[in-house]
Each structure stands twice: as structure tokens, then as C-alpha cells.
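In: Return atomic coordinates for the entry below.
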Amino acid sequence: MMGIFAAIKPVVVAIIAQAVFRIGSRSLRHPVLWVIAGISTIAMLVSGALFPLILAVAVVIGIVGSRVAPVVFQGGVGHSPSANSGGKAIIDDETETPPHARITGWRLVRTVAASLVAWLLPLAALWLSLGPDSSLVEMALFFSGAALLTFGGAYAVLPFVFHGAVSAGWATPTQMVDGLALGETTPGPLIMFVSFVGFVGGFAGEFLGAGTSWVSGILAAIVATWFTFLPSFFFILAGGPYVEATRNRTAFAGPLTAINSAVVGVVLSLALVFAQNVFLPANESLDIVGIAIAILAAVALFVFKRSVIEVIMWGASLGMIMGLFATFVA
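Out: Reported below is the predicted structural model:
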């Protein structure tokens, strides 16, 4: 198993690098946007806790930029229809908005109220039963905040989660790297990685007292998952009807363009931090074999256009073979 993980982690470095390239090729269409991405990378390498500030500054830059240089901060141009698209879509841009997706004030009020209840009740239960200084309360608040910052997908917020979890003592950098590698190998959204972080923190910290490792770990995983996903459902249910109203409006396109550019830098910082922990872990020499595996994975992804699942499976197979070889040699 250790051999499999040792081979998968370099593969994940290549996967994150591909994500940086994919997001950057769509977002960085002007030198100014490259500068935003570069500054974002440096800031995140200084401290992952700067992620909220980076987003806030990007919004301000986008608002000002959309007025001063609207050509730079205009929305993405998208892509042209494929030659094999199969004809007109059943639901396209001209389709009338269904009743459940239309903007209504009463529906928004109900959604906000239900979301607040779903957020406050478990938080209050933790607060009253364990106290305001409980690690589970701290975890609930932290992951709620992280969920509110998931602009650009899971890769964008992971450096913030990485920094916060390590600073709080819930996991070590090595455990965070292992968790991210595990998250890439499993079906479902990568943000499920937070369940792993919660479990590791609760198991090691025994939040409910001595001898409660498993119970604390499972409860912490539930807390991390609930408070991470609840805000996302709120945004979808409450904000969904408003999304279409913002299309092709420079006032919204400008901040989003700046945020996308900043996110490129954030994900690049994740790739660099992850690569450092994989290829040059603390108190160890440079992992030449790991670098070779990452290069092979990058060639498979960039040159031969193989899928992420395929590359991960190849990496796991290679790791198994290497592990068996090392066992026989020993």
C-alpha cells in the first residue's frame, strides 16, 4: 500500500499542473491578468491564510478594471459549437426559464431561513454540549468559512484548508498530501478531501476525551463534511435563479475575470507546495524516482491526452510493482 501511495503522489503533482494549465489557458488572456496570477502565487506561498484577502483584492481590481480597461476584464469568449454537436439542444439559451428557477423574493427568504436553521442548529448543539473552545466548534466555523471561499473549485481553496488544518494541528503536511492523493483516486468531488482532514484531526486529537479516537474521528468527519457542503447547497438554491441575470454584464464579468486570474496563481501555489512535500520532504533527500514518475504522468496527460483516472491507475500499478520488487530485494 505504501508503494502505491508513493507512486500516486507524484502523479497528483502532474494532475494539479494540468489543472493550472487548463485554467490558465482559459483565464489569462492579457498580460495584466498574468500579473494578477503571479502576485496571487507569491502571496499564497507566503501564507495560505491570505486566500480571503486575495479574493477581496481581486474583486476590487475587477471592479476598477472593468471601468478603466473593460477590454481586459471582459468575460470569457467561450467556445464555438462542435462540428459533431448533434444539432440544436433540447434546452438552450432561448428556452424559457422554468417556474422553479425564476427569481421570487419569497423563495429566497425560505431558502435563507432553512439554510440558517440547518447551519445554526448543529453549531449550537456543539457549542452548548462541548463549549465554545471545542475543536469541533472551531472545525465547524473553519470549514464554513472555507466553503464560502470556494471560487474556482476545490483546487483553489485547498491551499487555504491545507494551511488552516496544519496550523490548527488537525493534520501534518505529510498527512495532508496523503489525503489529497487519496482524494484524487476516489470518485466524487475533490472537496470530499475535507472529510479526511476532519477524521484525521478528530482521531488524533480525541476531541471527546481520552479513548474516543474513533468516535471523535467519525464525528469530526461528519462536522467537516456538513459545514463544507451546506453553504454550497445554499448558494445553488438561493443564487441559481440570479446567475442567468448576470450573463454578459461587464459589472459582474470584471470581478469574475480577476478572481479567475487570481485562482490560477492559487492553484499554482498548491502545485508548488504539494511538489515540495512529495519530492523534497522534510529531512529527506530529493526523490528522483518520484520526479521521474511525475514527468511520465505529465507526458501522458499533456502529450497523449490520457484521462486522469487512467494515469492514476497506471501510477498505482507502477507503485505496486515497485513495492513488490523492493520487498523481494529486501
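
In: make it CA atoms for all contacts and neighbour counts henceforth
Out: Noted.

In: Count the neighbours of residue 187 for me.
Out: Per other C-alpha atoms under 10 Å, the neighbour tally for residue 187 reads 9.

In: Assign a three-state SS to it, would you?
Out: Under DSSP: H, G, I helix; E, B strand; the rest coil, residue 187 falls in the coil class.

In: gap between it and residue 225?
Out: Counting by C-alpha to C-alpha, to the nearest Å, the separation of residue 187 from residue 225 is 16 Å.

In: Equivalent analysis for residue 271, please.
Out: From residue 271 to residue 225 the distance is 24 Å (C-alpha to C-alpha).

In: Then residue 58?
Out: Applying C-alpha to C-alpha to residue 58 and residue 225 gives a distance of 28 Å.

In: Those two - which one has more neighbours?
Out: residue 58 (26 against 22).

In: Test my guess that the more buried one contacts residue 258.
Out: Yes - the pair residue 58 / residue 258 is scored as a contact, 5.2 Å apart, by C-alpha atoms under 8 Å.

In: Now do the same contact list for residue 39.
Out: Applying C-alpha atoms under 8 Å, 6 or more residues apart in numbering to residue 39 gives the contacts 262, 265.

In: now do 7 Å
Out: Not one residue lies near residue 39 by C-alpha atoms under 7 Å, 6 or more residues apart in numbering.

In: Burial check on residue 68, number of neighbours?
Out: Using other C-alpha under 10 Å, residue 68 has 11 other residues around it.

In: quick one: contacts of the helix or strand hosting residue 289?
Out: In this structure, residue 289 sits in helix 288-298 according to DSSP states H and E. Residues from elsewhere that reach helix 288-298, judged by C-alpha under 7 Å, 6+ apart: 7, 10-11, 13-14, 279, 311.

In: and the helix or strand just after that helix, what other elements does it pack with?
Out: For helix 288-298, the following helix or strand on the C-terminal side (DSSP H and E) is helix 308-329. For helix 308-329, the packing partners by 3 or more C-alpha pairs under 7 Å, 6 or more residues apart in numbering; DSSP states H and E come out as helix 2-27.

In: what is the mean pLDDT for the helix or strand following the helix it packs on?
Out: Heading C-terminal from helix 2-27, the first helix or strand you meet, by DSSP H and E, is helix 31-46. In this model, helix 31-46 has a mean pLDDT of 96.

In: in helix 31-46, what counts as buried?
Out: Within helix 31-46, the residues that qualify as buried by neighbour count (16 or more other C-alpha atoms under 10 Å) are 33-34, 36-41, 43-45.

In: relative to helix 2-27, how tilted is that helix?
Out: Put simply, helix 31-46 runs at 150 degrees to helix 2-27, going by axes from the mean of the first three to the mean of the last three C-alpha atoms, to 10 degrees.

In: how about helix 31-46 as CSV, C-alpha atoms only?
Out: Extracted in CSV, the C-alpha atoms of helix 31-46 (Å, rounded to 0.1, in the frame of the first residue of the first chain):
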residue,chain,number,x,y,z
PRO,A,31,-0.5,40.5,-19.5
VAL,A,32,-2.4,42.3,-16.7
LEU,A,33,-4.1,39.0,-15.8
TRP,A,34,-0.8,37.2,-15.8
VAL,A,35,0.5,39.8,-13.3
ILE,A,36,-2.6,39.2,-11.0
ALA,A,37,-1.9,35.4,-11.2
GLY,A,38,1.8,35.9,-10.4
ILE,A,39,1.1,38.1,-7.4
SER,A,40,-1.5,35.6,-6.2
THR,A,41,1.0,32.8,-6.4
ILE,A,42,3.6,34.7,-4.3
ALA,A,43,1.0,35.7,-1.7
MET,A,44,-0.2,32.2,-1.3
LEU,A,45,3.4,30.9,-0.9
VAL,A,46,3.9,33.4,1.9
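
In: now residue 306, nearest residue through space, not along the chain?
Out: Spatial nearest neighbour of residue 306, chain neighbours left out: residue 300 (5.6 Å); criterion: C-alpha to C-alpha, 6 or more residues apart in numbering.

In: Pull the number of nearby residues for that neighbour.
Out: 17.

In: Let me know the pLDDT of it.
Out: In this prediction, residue 300 carries a pLDDT score of 96.

In: Quick check: the gap between it and residue 268.
Out: Distance check for residue 300 against residue 268: by C-alpha to C-alpha, it reads 20 Å.

In: which residues touch the residue nearest to the spatial centre of the chain?
Out: Centroid-nearest residue in the chain: residue 154, 1.5 Å away (criterion: C-alpha atoms, centre = their mean). In this structure, residue 154 makes contact with 190-191, judged by C-alpha under 7 Å, 6+ apart.
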